[in-house]
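Chemist: Show me how the following folds:
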Amino acid sequence: MAGKPTLNQVEQFVQDWLAEHLEVHAESTSLPLEVDRLAAHLTRDARVRGITGGDIHRALGDIDVYLTERYLRAAAS
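Modeler: Numbers count the residues shown, from 1 in each chain. A predicted model of the protein is given here:
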């Protein structure tokens, strides 16, 4: 991304990233560990695109809370 990404661009990146990477695992998976893994992978891929952790926080709030909610929604469906 050239320049500072907009909140909409950040949100779209995260949505697209989750569509590709979010997988619900067996019940034995530790949710906090899975969220940490997802957050690390997401922020690494975001940095490559010029998106900082601060950009993600401004667009979506706390990434751990956001990913936990998304994981739980995916697990329920």
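
Chemist: And for stretch 37-45, what's in contact with it?
Modeler: Residues from elsewhere that reach stretch 37-45 (Cβ atoms under 8 Å, 6 or more residues apart in numbering): 14, 17, 18, 21, 22, 53, 56, 63, 64, 67, 71. The way it works is simple: take the backbone N, C-alpha and C, and place the C-beta from them, glycine included.

Chemist: Recalculate using a threshold of 10 Å.
Modeler: 13-14, 17-18, 20-23, 29-30, 51-53, 56, 62-64, 66-68, 70-71 (Cβ atoms under 10 Å, 6 or more residues apart in numbering).

Chemist: ok, and what's touching the host helix or strand of residue 65?
Modeler: Per DSSP states H and E, residue 65 falls inside helix 63-76. With contact meaning Cβ under 10 Å, 6+ apart, helix 63-76 is reached by 14-15, 18, 22-25, 27, 29, 31-32, 34-39, 42-43, 46, 53, 56-57, 59-62.

Chemist: Tell me which of the residues you listed fall in helices.
Modeler: Counted as lying in helices by DSSP state H, out of those, are 14-15, 18, 31-32, 34-39, 42-43, 46, 53, 56-57, 59-60.

Chemist: now those: which count as buried?
Modeler: Burial by neighbour count, 16 or more other Cβ atoms under 10 Å: within those this picks out 14, 18, 34, 35, 38, 39, 42, 46, 56, 59, 60.

Chemist: list the contacts for the second one?
Modeler: I take that to be residue 18. By Cβ under 10 Å, 6+ apart, the contact list for residue 18 reads 38, 42, 66, 67, 70, 71, 74.

Chemist: Equivalent analysis for the third one, please.
Modeler: For residue 34, the set of contacting residues under the criterion of Cβ under 10 Å, 6+ apart consists of 22, 23, 24, 25, 67, 68, 71.
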